[in-house]
Structure formats: C-alpha cells, structure tokens
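Asks: Next one to model:
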Amino acid sequence: MTDQGDTIPRRLERLEVLYKISNLLNTTLDPTQVLEEVLREVVRVTSASSASIAMVDHSREILNIETAINIAPEAWRDLKLEVGHGVTGWVAAHGCPLRIDDVATNPLYIAVKPDVRSELAVPMFHGHRVLGVINVDSVRESAFTEDDEKMLTAIAEQSARVIEMARLYSQLKRHNAQMESLFGVGRQLTISTSVWSIRALVVREGMRILEGNACALYEVAEDGKTLEIVAQEGADHWESQLGFPLLHGPIYSTFRAQIVTMVEKLQDTAETPAPVGKFPRSLLAVPVSYQDAPAGVLAVGFHHARTFIDSDSSLLQLLANQYAVAQENARRQERLLVMEESLNRAERFSLLGTLAAEIAHEIRNPVTIINLLLHSISEETEGNAQVAGDLRIVMDKLDRINRIVEQTLNIARNREPSFEPVCLNAIVRDLLLFLSHKLTKGSIECCSELDGDLPSLPADRLQIQQVLLNLMMNAIQAMPEGGRLAVSTRRFENENQLPMVAIEVMDSGVGIAPENIPSLFDPFFTTRQEGTGLGLFISRKMITSHGGELSVKSEPAKGSTFRIVLPLQRTGGQTDNGHSGQSPYPDAESNPS
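Replies: Numbering: from 1, shown residues only. Next up is the predicted model:
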C-alpha cells in the first residue's frame, strides 16, 4: 500500500473518528470500555489485522496491555513490556511514533503473533507524559502509510484526553465508594463492644474496601518478641502459621518504623521469609497505634502485582486508626464491666461475711455443748468398742464443723495483717521440718531451692505461715502415691523495677483439670470430698492484703505450681496492727482446703 496523501475523504474520516471518541464520555466512563471502543475504531480505520493498547506504569517502568483485538488473551494478559524494550517500549520511552514496514528487519520487534509482517505504534500523551501506546499490526508488509500514522496520532491524542478523564472519574467514584464504606465501618465500630468482633470487622472491611485477596491484623504477642495474627480474612491465601517472627520482613518494618509499607512484588523482597502455601504477590501494610504507642500492623495482600496510590494507604491507615480507637473503647468497656462485677461480688461477700459470722456463732455454741456431752459419754462407754467407735466418728465430724466455723469467722473478721520483718527462708525451713514425718510417710521426696541473699520483708508471720502450710498440705494430698515436692524462693524486679520476692510450691501430683482452675480460689469450691473449699480462698485473701498475688499453673497428671509474689517494700496501705499469739502449726493431719 502506498501513501495516498491527506485527502479530503481521509480528513473527514479522521474527524468522524475523533468525534466518536470525544462522544465516548457521553456513553460510558468505564476506562476499560473506553479503551475497547477506541481500539475498535483504530482497527476499522487502519484495516489492521490486530491491535492493542498498553498503559505505562511509571512507578515500575513497564507497560501493561489493557485490551487487544485479534490477539489471544493468554498471549498478552500477563505480558509486561519494559519501557525502552520492543517497539511499544521504544515508543513509550521516546514519545514519538514508529512505523515498521518489515518487522523481520527491525531488531526492536518482539513477536507476539508469528504471522505479523508490519507494525505501527504511536504514543498517547497526557500533558508532557506518555500515558500509553496504541499499537497496530498487519499480516502484510508495508501495510501502514504516513496517512495512517497521522490518523493514529490524532486518535491517540484525542483518546488520551478521554481515557484520562474516564480514569480520573473511575478513581473518584471508587474513592467515594471506599470513603462511604469507611464511614459505615466507623459507625459499626462505635457500636461494637467485643474486641473479637471489632477485629473480625476490620479485616473483613479492609479486604473489601481495597479489593484485596487477604487481610490480616497483627498484634504483639505476650512474649514481646513476635507479632501474631489476631484476625484474618481470606485465610486460605495468607500465612499458614499463626505468628510472624519479629526479625525481618515488611510487617516488622512497618511496626518497628511506624511507617506505611508498600511492596509491589513480595518475591523480589530479599528480607521477606519464604512463604508457606499461597502467598500474596503485593502487600500494603500500615501501623496500628493508639496515643502514639505502637499496637500492631494491618496488612492487605493481593494475588496480582498491584501498583499502589496514596489514597490506598490513606484509606487503610484511616481504618487502622478507627480500629485502634474502637479497640481501646471496647477494652475500657470490658474493664468497666469487670470492675462492676468485682464491686457486686465485694458487696455479696461483705453480706455473706456478716451472715456467716452470725451463723457461725449460732452453730459454735450447740456444737461445743454436744462435744462436751460426747466426751462425758465416751468415758462411760469405754468397754463398748462399737459405741466408742461411733462416738469417735461423731467427734471427728464435730471437729470438722469446728474448723469450718473457725475459718468462716476468720473471713468475717477480716483481720488486717500485722507487719514485722519476716525471713521467708526460715519459715519455709521450719514448715518442711514440721512436715518431714508426713512427707516420709507418704513417700514424697522433698527439695528446696532458697535464695541465700533474700532479705527480710515486712509481712504478717502467722498469715504467711498459714498460707504456705496450706499450699504444702494441698501438694501432699495431691500425691497419694508419692512424688516430689519442691519449694523455692527468689528475688526479682517487676515491670516497674520494684523489688519483689517469689515463692513457688511445686508438686508432681494429679494436677488440676483446666475447667476447675478459674474457680479454684472461689469460696467453698473444692474437688475433694473432705475439703471445705475455703483454704485457697483465705490464702489468696491474705496474700492480697500483703499487696501480693497468688496464682497457679497446673496440668492434669503432671502436677501443679502455686506461686506467691510479695513486695519487698511496704506500700502505703499496709499498717501495723499487732499479731495474735496463735500457734502457726495447726494439726498436720487436718485438711486446710
């Protein structure tokens, strides 16, 4: 085909095509549809065998083919053309048309279709920037004329304006929809009171708003060294492990530096650990913080390579900020509910203590009289073994009633501790010596690991003795077939750098069922038939009055560890009240719990 010159019919045809393209905005503002319509007109006026439009991704210096005619989708769908390479890349780099009469003689040509003989490519400009390239091919040599080049250049110029307007409109529409979604999420977050429901909502909406394939919310684990996923959406397409080591990777970088991280190709990031299973190709991560304190990371993953824009990170950051505020509000609400429940329990216990004291006094008097009468009767029935045996059983049960009454009165009295310098190691040694016979009889090996540099601490000697004896007796009763009892003391500093002392009583006994641990320190809760259910309740109450804590860790069939933590320095709420002269060692055969 030879040049025909810029004839009047060709000029009219060119004007007609440009008019159609200009009117595209009156029919559609969908960028994809605009590109397809433009390409159909291009093929029609140039009689091309095939054609394509590629848009420039300036951030990565590549061209993405957005639409094509008469080219198999699998041949161009995932094809990435580097700016400067190939005919299309050369046009994008130099910003000028390129017409090739015989592609076989041009080294720039990269074959997409084997039967192509000639090619014409022209740039689409937006201002002074190349927006994309229109490319047409033909199975004939010298298929495109200078007039075709002028026609295609004019179409590219007009198309660029239409495409840019459609793209901007599409971005605006998408951003508006995202903001509406974000406001909707904000309303839902304000009415959600559960931390778990808030987390689930955030990852679900984070994935939806950014049209991602997966979304995960990371928070710092208890060990302070790892980030763990506390909520995720699209779990099949995310990490299979629950934790993310705080050693490397874009997630940690986001958390450590408190900056937005955009990774368009995760596989190209050397610091990213090898993924397990199907992993996103692109990642957008933003920090989660509350009152400038780092709290975690919110990340959205994409299976395809994604070019991020500022509005993407802004939207995700807004969502992360909303989550941080909502989470803190939910936690405050939970703390208020716990405090309210604690106050209600305190009121109930106060009433129970008053009532228990009245009942205990009423029970103690008749029990004392019955006990005296039974002693008298036992003296008169010394020769009758059966009656004497029955009387011993009755008297044992009365003793048990007396112990329950005494413990109940101790709770009702609520005696404040009387502080004096106390050597914990000495108390432990005395108690182990006191229990040595019982330990030997029960085939229980005993060992102690006491901190030799442990100073005296202000405490109520009798109350500490009572608590430790109760824990040791419980440990012995948990090892009916024998075992090992270990007691240790050590000094340490808590998170506020205050000096503390820890005492641990460990046994290798039957352990405690997990479902029983939350109720273990409740009054009258016991798993033993002869237990009163008051020993551990009173023990924790005494330790708390010292400003300390009593906790337990246990595993069925492996044993239990009770841990007491006490301050080495007195707090302002602790007062000297004097202490009673009661013996610190109750009957070793008794059951303190």
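Asks: low-confidence ranges in the stretch 401-550 of the chain?
Replies: Flagging of the stretch 401-550 of the chain using pLDDT under 70 yields the residue ranges 407-415, 529-533.
Asks: For it, which segments are assigned as strands?
Replies: Taking DSSP state E, counting those that start in this stretch as the criterion, the stretch 401-550 of the chain carries its strands at 420-422, 444-449, 457-459, 483-493, 499-507, 549-555.
Asks: For these, give me a markdown table that also has distance to residue 137 and mean neighbour count.
Replies: For every residue, glycine as well, the C-beta is placed using N, CA and C. Listed next are the strands of the stretch 401-550 of the chain as a markdown table, based on distance: least, Cβ to Cβ, whole Å; neighbours: other Cβ atoms under 10 Å:
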| stretch | distance to residue 137 | mean neighbour count |
| --- | --- | --- |
| strand 420-422 | 94 | 14 |
| strand 444-449 | 84 | 14 |
| strand 457-459 | 89 | 23 |
| strand 483-493 | 76 | 17 |
| strand 499-507 | 80 | 20 |
| strand 549-555 | 73 | 16 |
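Asks: can you tell me which of those strands comes nearest to residue 362?
Replies: Ranking the strands of the stretch 401-550 of the chain by their distance to residue 362 (criterion: Cβ to Cβ) puts strand 549-555 first, at 31.5 Å.
Asks: how far off strand 549-555 does whichever helix or strand comes after the closest one point, in degrees?
Replies: Beyond strand 549-555 in the direction of the C-terminus, DSSP states H and E gives the next helix or strand as strand 559-567. Counting by axes from the mean of the first three to the mean of the last three Cα atoms, to 10 degrees, strand 559-567 lies at 160 degrees to strand 549-555.
Asks: Start the count at 32 instead of 1 going forward.
Replies: Happy to do that; since the first residue is 32 now, the last one works out to strand 590-598.
Asks: Identify each buried residue in strand 590-598, please.
Replies: Neighbour counts over strand 590-598 (16 or more other Cβ atoms under 10 Å) mark 590, 591, 592, 593, 594, 595, 596, 597, 598 as buried.
Asks: Please report the distance of the residue nearest to the second one when sequence neighbours are not counted from residue 511.
Replies: It stands for residue 591. Leaving aside its chain neighbours, residue 591 sits nearest to residue 585 (3.8 Å; criterion: Cβ to Cβ, 6 or more residues apart in numbering). Residue 585 sits 16 Å away from residue 511, taking Cβ to Cβ, to the nearest Å as the criterion.
Asks: for residue 548, same thing?
Replies: For residue 548, the distance to residue 511 under the criterion Cβ to Cβ works out to 21 Å.
Asks: Ok, residue 86 next?
Replies: Per Cβ to Cβ, residue 86 is found 79 Å from residue 511.
Asks: do the same with residue 257
Replies: When distances are taken as Cβ to Cβ, residue 257 and residue 511 turn out to be 41 Å apart.
Asks: how about the strands of the stretch 132-281 of the chain, start to end?
Replies: Going by DSSP E, counting those that start in this stretch, the stretch 132-281 of the chain shows strands at 149-157, 160-169, 245-251, 257-264, 274-276.
Asks: Can you mark which positions in the longest one are buried?
Replies: So that's strand 160-169. The neighbour-count check on strand 160-169 (16+ other Cβ under 10 Å) flags 161, 162, 163, 164, 165, 166, 167, 168, 169 as buried.
Asks: so what's residue 596 up against?
Replies: By Cβ atoms under 8 Å, 6 or more residues apart in numbering, the contact set of residue 596 is 531, 532, 533, 579, 580, 582.
Asks: Any chance of the residues you listed in TSV with distance to residue 467 as columns?
Replies: Rendered in TSV, the data for the contacts of residue 596 read as follows (distance: Cβ to Cβ, whole Å):
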residue	distance to residue 467
531	29
532	24
533	24
579	27
580	29
582	27
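Asks: tell me the two of these that are most distant?
Replies: 532 and 582 (14.5 Å).
Asks: just to revisit the earlier point, looking at residue 257 and residue 511 now, which is surrounded by more residues?
Replies: For residue 257 and residue 511, the more surrounded residue by other Cβ atoms under 10 Å is residue 257, and the numbers stand at 16 against 11.
Asks: For beta bridges, what are the partners of the more buried one?
Replies: The residues listed as beta-bridge partners of residue 257 by DSSP bridges are residue 276.
Asks: where does stretch 486-499 sit relative to the chain's centre, distance-wise?
Replies: Here stretch 486-499 shows a centroid-to-chain-centroid distance of 41 Å under the convention Cα atoms, centre = their mean, to the nearest Å.
Asks: For the stretch 132-281 of the chain, give me the ranges with low pLDDT.
Replies: 197, 199-224, 255-256, 266-279.
Asks: rewinding a little: looking at the strands of the stretch 432-581 of the chain, which is nearest to residue 416?
Replies: Counting by Cβ to Cβ, and looking across all of the strands of the stretch 432-581 of the chain, nearest comes strand 475-480 at 33.9 Å.
Asks: who are the neighbours in contact with the residue lying closest to residue 536 once chain neighbours are set aside?
Replies: Computed as Cβ to Cβ, 6+ apart, the closest residue to residue 536 that is not its neighbour in sequence is residue 502, at 4.4 Å. Residues near residue 502 by Cβ under 8 Å, 6+ apart: 536, 570, 593, 595.
Asks: my guess is residue 550 contacts residue 556, does it?
Replies: Yes - counting by Cβ atoms under 8 Å, residue 556 is a contact partner of residue 550 at 4.7 Å.
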